[in-house]
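Visitor: structure for the following, please:
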Amino acid sequence: VQLQASGGGLVQAGGSLRLSCAASGRTFSSSSMGWFRQLAEKEREFVASIGWSGGITTYAEPVKDRFTISRDNAKNTVYLQMNSLKPEDTAVYYCAANLYGSRGAHYWGQGTQVTVSS
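Guide: Below is the predicted model:
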C-alpha cells in the first residue's frame, strides 16, 4: 500500500481543515487506516483510526469530539475532518495503513504540515 496525504495548511484557532489520504494497492478496502501526528520535538502519537468497513472508529482523547475520520473505499481514500482546531494541534500529520492498534502501522505516508495560529 502506498499512501499520499494532502490537505494540510495554516489555519486560525477555531478553524477547520480536512486531510485526505489517497491509497494505492488492492488491499486498501480490507485495511485498517488511521492518522498519527508528530508535534515538534515529540514522538509520533496516535490521532484516529477506522476499520476496513468504516464501522469502527477510535480517537485519541485530545481530539475526540473535534476530529472525524472517514473513508471511501470506492475512491481508496481516507479523510480526517478537523474542527475547532487549537494551536496544540500544530503538527505533521501522517496517514497510515494496517495499524497495530494505536501503537503504530505497517505502512506510512509522507507527512502533511498542519499549523494552527492563535
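Visitor: partners of the residue positioned nearest the centre of the chain in the sheet?
Guide: In the chain, the centroid-proximal residue (Cα atoms, centre = their mean) is Trp35; its distance is 2.7 Å. Under DSSP bridges, the beta-bridge partners of Trp35 are Ala48, Cys95.
Visitor: kindly report the same for Leu99.
Guide: Beta-bridge pairing for Leu99 (DSSP bridges): Ala105.
Visitor: need the pLDDT of it.
Guide: For Leu99, the pLDDT comes out at 93.
Visitor: and what of Cys21?
Guide: Cys21 is given a pLDDT of 97.
Visitor: run a quick neighbour tally on the closest residue in space to it that isn't next to it in sequence.
Guide: Closest residue in space to Cys21, ignoring its immediate chain neighbours: Cys95 at 3.4 Å, by Cβ to Cβ, 6 or more residues apart in numbering. No exception for glycine: its C-beta is placed from N, CA and C like everyone else's. Neighbour count for Cys95, taken as other Cβ atoms under 10 Å: 28.
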